[in-house]
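S.K.: Test case, fold it:
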Amino acid sequence: MDSQIDWHAARAALEWQLEMGVTEAISDVPVNRFEQVAPPPMAGISPAVSAPAVPVQPSQSVDPVAEAETAARVAGDLAALKSAMAAFPHCDLQKGARNLVFCDGVPGSSVMIVGEAPGREEDQIGKPFVGRAGKLLDRMLAAIDLGRDHDSAQGVYITNVLPWRPPQNRDPKPTEMAMMLPFLKRHIELAQPKLLVVMGNIPCQALLGKRGITRLRGQWDEAVGLPVLPMFHPAYLLRTPAAKRETWADLLELRAHLDKKA
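M.R.: Sure, this is the predicted structure:
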């Protein structure tokens, strides 16, 4: 029996496959293309020589903390510092904030209060410690003859670790705190307080490198060459009224410290 396929039958089969849309022919056995090697060069033709790889130069990475340190250092006064913070391009929080919340109170006051970050009302108004927490803070200060609108001897000066509101009032990220810390330190230097009151865990972490406000509160510490008294944040006191007793003791300790230094 003839094993060869009839030419006419083969042609008819091929034409039928073309009409069915076949575009590629395959063999009876699979081909492992990973094992295929390049064909040998043709006689008289040299193989192509690939060009040497050009090393890619790594892009210059930006150090936001170093840039913040430079910007803060050259600020000669509080107005210049605020402008430097507004022009700082590396903190994404400012993209979603309405206002840069810089300060309130009297520069040169004996007491400088450092809070955490602006909330919704602070972001809207552009001042730290407003709304219910701000009103409670004012009552706390008034109880020991201090206030944000007093003269420097009995006044307070107020700022935050971050000048922009984090989304949904979340805690600041370590990277955000690190890049804004040089501005905070320069802020303290320019405001020239005699002592700091840090309210809440975030300023304790930023300036003291410590967390655990329930353990730290009421215990004098030191940062940037100044005495530091950690206290509960007024917003925490609104949620936990029972903690007002400890806060009253801290306020009396603050008053005693000021009277002793007077």
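S.K.: which residues of the protein score low on pLDDT?
M.R.: 1-5, 7-8, 16, 18-60 (pLDDT under 70).
S.K.: could you pull out the strands for it?
M.R.: 104-105, 111-115, 156-160, 195-199, 221-223, 226-231 (DSSP state E).
S.K.: Now distance to Leu137 and mean neighbour count too, for the ones you listed, in JSON lines please.
M.R.: (Glycine included, C-beta is placed from N, CA and C.) JSON lines is the format used below for the strands of the chain (distance: least, CB to CB, whole Å; neighbours: other CB atoms under 10 Å):
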{"stretch": "strand 104-105", "distance to Leu137": "10", "mean neighbour count": "22"}
{"stretch": "strand 111-115", "distance to Leu137": "8", "mean neighbour count": "26"}
{"stretch": "strand 156-160", "distance to Leu137": "8", "mean neighbour count": "25"}
{"stretch": "strand 195-199", "distance to Leu137": "8", "mean neighbour count": "24"}
{"stretch": "strand 221-223", "distance to Leu137": "21", "mean neighbour count": "16"}
{"stretch": "strand 226-231", "distance to Leu137": "10", "mean neighbour count": "21"}
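S.K.: Any idea how many residues pack against Ala80?
M.R.: 15 (other CB atoms under 10 Å).
S.K.: if I look at the closest residue in space to it that isn't next to it in sequence, how far off is Leu81?
M.R.: Nearest non-adjacent residue to Ala80, counting by CB to CB, 6 or more residues apart in numbering: Val74, 7.9 Å away. Going from Val74 to Leu81 by CB to CB, to the nearest Å gives 10 Å.
S.K.: In terms of neighbours, single out the busier of the two.
M.R.: Ranked by neighbour count (other CB under 10 Å), Val74 and Leu81 place Leu81 first, with 22 against 11.
S.K.: which residues sit in contact with that one?
M.R.: When contacts are counted by CB atoms under 8 Å, 6 or more residues apart in numbering, Leu81 touches Ala72, Ala75, Phe183, Arg186, His187, Leu190.
S.K.: Kindly report the same for Glu222.
M.R.: Contacts were defined as CB under 8 Å, 6+ apart; by that measure Glu222 touches Val228.
S.K.: Return the set of residues that bridge with it.
M.R.: Listed by DSSP bridges, the beta-bridge partners for Glu222 are Pro227.
S.K.: can you tell me how far it sits from Pro64?
M.R.: From Glu222 to Pro64 the distance is 27 Å (CB to CB).
S.K.: Next, count neighbours for Thr247.
M.R.: Thr247, neighbours per other CB under 10 Å, totals 20.
S.K.: and if you look at Trp220?
M.R.: 12.
S.K.: quick one, phi psi at it?
M.R.: phi -60, psi 140 (degrees, to the nearest 10).
S.K.: hang on, isn't it packed against Val228?
M.R.: Yes: if you go by CB atoms under 8 Å, Trp220 and Val228 touch, sitting 7.0 Å apart.
S.K.: any idea how far the residue nearest to Ala80 lies from Glu67?
M.R.: 11 Å.
S.K.: what sits against Trp248?
M.R.: Contacts of Trp248 (CB under 8 Å, 6+ apart): Ala143.
S.K.: wouldn't Pro128 be in contact with Glu121 here?
M.R.: No: using CB under 8 Å, Pro128 is not in contact with Glu121, being 10.3 Å away.
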